[in-house]
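In: Below are the sequence and a predicted model; questions follow.
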Amino acid sequence: MPRLRVSAAELENRKIIAGIKYGCEMSGINPMDLAVVAHIDRSTLYRRLKDPTQFRLCELRAISQRLHIPMQKLILEKEESA
């Protein structure tokens, strides 16, 4: 039987990925630049985007500073009800 609901952890992971990708699009930053800022290889960046729980704090801090997105907003962003 297929899963009908996405787990809370998976939903949080998707929000982190979406926040990083949105910031890249809005800032015009490509993945190579983001990897350089985070001091990691481009393949490592892609691997961590697939599983955001593997990001290190220093990497997330560098990414949030480069994208001009507060780290709290990047990690703890909650859905706003309309």
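Out: Perfect, thanks for sending it. Computed from a prediction, not measured in an experiment: that's the story for all the values here.
In: buried residues in the helix ranked longest in the chain?
Out: Assignment by DSSP state H gives helix 8-27 as the longest helix of the chain. Under the neighbour-count criterion of 16 or more other C-beta atoms under 10 Å, helix 8-27 has Asn13, Lys15, Ile16, Gly19, Ile20, Gly23, Cys24 buried. Using the backbone N, CA and C atoms, a C-beta is placed for each residue, glycine as well.
In: In this structure, what helix or strand scores lowest on average pLDDT?
Out: Among the helical and strand segments of the chain, the one scoring lowest on mean pLDDT, DSSP states H and E is helix 71-76, with a mean of 86.
In: got the buried residues for that one?
Out: For helix 71-76, using 16+ other C-beta under 10 Å, the buried residues are Leu74, Ile75.
In: Output that helix as PDB, nothing but the C-alphas.
Out: What follows is helix 71-76 as a C-alpha-only set of coordinates in PDB (Å, rounded to 0.1, in the frame of the first residue of the first chain):
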ATOM      1  CA  MET A  71      19.400  30.800   9.000                       C
ATOM      2  CA  GLN A  72      16.400  30.600  11.300                       C
ATOM      3  CA  LYS A  73      14.100  31.300   8.300                       C
ATOM      4  CA  LEU A  74      15.900  28.800   6.200                       C
ATOM      5  CA  ILE A  75      15.600  26.000   8.800                       C
ATOM      6  CA  LEU A  76      12.600  26.900  10.900                       C
END
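In: where does the protein have low pLDDT?
Out: Applying pLDDT under 70 to the chain flags the ranges 1, 3, 77-82.
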